[in-house]
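*Asks:* following is a predicted model, sequence given first.
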Amino acid sequence: MSKTIIDKHEQHRLDQLGEYPFARLRQLLQGLIPNPDLPFIDAGAGEPRLPLPSFVQPTLDKHLAGFSKYPTTTGNDFLRESIAAWLQRRFGLKSIDANSQVLSANGTREALFAAAHALINPNADSQPWVMMPNPMYQIYLGAAITAGGKPYLQPCSKETGFAPDIEGITDDVWQDTALVYVCSPSNPTGWVADEVYYTKLLKLAEKFDFYVLADECYSEIYYADKPIGLLEVAQNMGNTDYKRCLVMNSLSKRSALPGLRSGLIAGDAALIKQFSKLRSYTGPGTPLPLQHVAAAAWADEEHVQDHLKVYRDSLDAFFDVYGGTIPAGSFFVWLPVADEEDFVKKAYVEQGVKLLPGSYLGTEDQQGINAGSGYVRAALVDGVGCASELAKRLKALFG
Ligand SMILES: Cc1ncc(COP(=O)(O)O)c(C=O)c1O
């Protein structure tokens, strides 16, 4: 019997993906009304809300004519050179070649998703593991599944110090692992990988021949110590070609330009070549005027320092009122609660605050545990005054 088109597509890999966290949040809050007596605080999405850096408008004006040209899919030379120079300055890299080791991306989201498609090679008999933290930025999960890999979830719990566990993984799992996603600083937990962690992971990558992909889009948002980068650790280990390593970074958080859709991919030249081939077919070039803004942003640190001060002051303001431990990185706070959905609904109705239930950022692991359960995530993206008001309102919910 011949199959209909519907039958043919019944088992589409996309069907294995759940609703995106923000769609679930909309459903959870549907029909509820935020407290009308209080100014609404949206701490749900991790969207920086800082003033536009001063170079954006003049750069755009100057290069407007570029909209009438096709950009290259790899990013034009001037942008890749600006990115390479930033990587060298920021991470002390002795060499990174703008031609063979750097690509432009339309933000890290697109690149993180494409990574699994570019780098893993499943076949009918074997689906490789794609490792990722749990809870996580959901793109890793979507990428692993749609690319035909099997997600392996590394619990990031209080017990692991919120580090994705690498100690309890057996050799046969490592043997079948193709790719490991690391997020440092982490959304949502604020954990930051140190040199010891990255070194252990890179030694395992060498032994079992898998790729390590670090999502470092929060690298410029930290409380005390500047986070170390994966490429920096590879270099310190003598892996100066960054073999098996890719990093992704973005101007969305660093420069508070989430609408620019501009980021970077850098590392192992062989993986960059593979990625580049994928991009030559999928064609996601960044418009030229936006590439010029991006190049200017990577070259400027002043606005980044201004932003950092706001985030640090916001963390201080929040924890002065709320109490607890300040996370090492990112602008998220990850708060333990008894029932996360119930807490999010109460915060909305009683305190006019939008939060995200932690379980929506996780999924059940091999043991059936969702390490995001029992937490809510709040984004401190509205400045210092709002951070302390948010802490006051959330504290009030505990009575
Ligand atoms: C951990 C993480 N990675 C990647 C992204 C994607 O950011 P963009 O595509 O804007 O670079 C986000 C955005 O919230 C994020 O939280």
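*Replies:* Looks like it came in fine.
*Asks:* and the stretch 101-250 of the chain, which of its residues are near the ligand?
*Replies:* 107-109, 112, 137, 183, 187, 215, 217, 250 (C-beta under 6 Å from any ligand atom). Quick note: C-beta positions are derived from backbone N, CA and C, even for glycine.
*Asks:* among the residues you listed, which two are most distant?
*Replies:* Farthest-apart pair in those is Gly107 and Cys183; separation 14.8 Å (C-beta to C-beta).
*Asks:* ok and the residue in the stretch 1-150 of the chain nearest the ligand?
*Replies:* Residue nearest to the ligand within the stretch 1-150 of the chain (C-beta to the nearest ligand atom): Gly107, separated by 2.8 Å.
*Asks:* my guess is that residue contacts Ile265, does it?
*Replies:* No: the pair Gly107 / Ile265 is not scored as a contact, 10.9 Å apart, by C-beta atoms under 8 Å.
*Asks:* okay, those two: which has more neighbours?
*Replies:* Ile265 (29 against 22; other C-beta atoms under 10 Å).
*Asks:* how about the strands in the stretch 1-150 of the chain?
*Replies:* Applying DSSP state E, counting those that start in this stretch to the stretch 1-150 of the chain gives strands spanning 41-42, 102-105, 129-134, 150-155.
*Asks:* spatially nearest residue to Pro48 (excluding sequence neighbours)?
*Replies:* Ala256 (3.9 Å; C-beta to C-beta, 6 or more residues apart in numbering).
*Asks:* how many other residues sit next to that neighbour?
*Replies:* Once other C-beta under 10 Å is used to define contacts, Ala256 is seen to have 23 neighbours.
*Asks:* now do the contacts for it.
*Replies:* Counting by C-beta atoms under 8 Å, 6 or more residues apart in numbering, Ala256 touches 48-53, 303, 307.
*Asks:* tell me which two in those residues are the farthest apart.
*Replies:* Arg49 and His303 (14.4 Å).
*Asks:* the more surrounded of those two?
*Replies:* Shown here are Arg49 and His303; by other C-beta under 10 Å, His303 has more neighbours (20 against 14).
*Asks:* the more buried one in helix, strand or coil?
*Replies:* Under DSSP: H, G, I helix; E, B strand; the rest coil, His303 falls in the helix class.
*Asks:* find the nearest non-adjacent residue to it, please.
*Replies:* Pro53 (4.1 Å).
*Asks:* report how many residues lie close to Lys226.
*Replies:* When counting by other C-beta under 10 Å, one arrives at 13 neighbours for Lys226.
*Asks:* where do the helices sit along the stretch 201-350 of the chain?
*Replies:* 230-236, 251-254, 269-282, 288-299, 302-322, 340-351 (DSSP state H, counting those that start in this stretch).
*Asks:* contacts for the second one?
*Replies:* What it means is helix 251-254. Contacts of helix 251-254 (C-beta under 8 Å, 6+ apart): 46, 48, 107-108, 217-221, 257-258, 260-263, 294, 297-298, 304, 307, 331.
*Asks:* let's go with 6 Å and repeat that
*Replies:* If you take C-beta atoms under 6 Å, 6 or more residues apart in numbering as the criterion, helix 251-254 is touched by 107, 217-218, 220-221, 257-258, 260, 262, 294, 297, 304.
*Asks:* what does the third one give?
*Replies:* For helix 269-282, the surrounding residues in contact (C-beta under 6 Å, 6+ apart) are 73-74, 100-101, 103, 114, 118, 246.
*Asks:* list the buried residues in it.
*Replies:* Neighbour-count burial for helix 269-282 flags 269, 271-272, 275-276, 278-279 (criterion: 16 or more other C-beta atoms under 10 Å).
*Asks:* the ligand next: which of the residues you listed are close?
*Replies:* Applying C-beta under 6 Å from any ligand atom, the subset of the buried residues of helix 269-282 adjacent to the ligand is empty.
*Asks:* if I pick the residue lying closest to Leu230 once chain neighbours are set aside, what's in contact with it?
*Replies:* If the residues on either side of it in the chain are set aside, Leu230 comes closest to Ala214, at 3.9 Å by C-beta to C-beta, 6+ apart. Neighbouring residues of Ala214 by C-beta under 6 Å, 6+ apart: 182, 230, 247.
*Asks:* repeat that with 8 Å
*Replies:* By C-beta under 8 Å, 6+ apart, the residues touching Ala214 are 182-184, 193, 198, 229-230, 245-248.
*Asks:* what does Trp174 give?
*Replies:* 204, 207-208, 210.
*Asks:* repeat for Leu32
*Replies:* Neighbours of Leu32 in contact, by C-beta under 8 Å, 6+ apart: 345, 348-349.
*Asks:* returning to what we had before: need the residues touching each of Gly107 and Ile265.
*Replies:* Counting by C-beta under 8 Å, 6+ apart, nothing touches both Gly107 and Ile265.
*Asks:* need the helices of the stretch 201-350 of the chain in a markdown table with mean pLDDT, can you?
*Replies:* Shown next, in a markdown table, are those (pLDDT from 0 to 100):
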| stretch | mean pLDDT |
| --- | --- |
| helix 230-236 | 98 |
| helix 251-254 | 97 |
| helix 269-282 | 95 |
| helix 288-299 | 98 |
| helix 302-322 | 96 |
| helix 340-351 | 97 |
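*Asks:* just name the most buried of the ones you listed.
*Replies:* Mean neighbours per residue, mean count of other C-beta atoms under 10 Å, is largest over these for helix 251-254, with a mean of 25.
*Asks:* ok, what's across the strand from the closest residue to Val247 other than its chain neighbours?
*Replies:* Nearest residue to Val247, sequence neighbours excluded (C-beta to C-beta, 6+ apart): Ala214, at 4.7 Å. Going by DSSP bridges, Ala214 is paired in beta bridges with Val182, Val247.
*Asks:* what confidence value was assigned to Ala214?
*Replies:* Per-residue pLDDT puts Ala214 at 98.
*Asks:* from the ligand, how far off is it?
*Replies:* As judged by C-beta to the nearest ligand atom, to the nearest Å, Ala214 and the ligand stand 11 Å apart.
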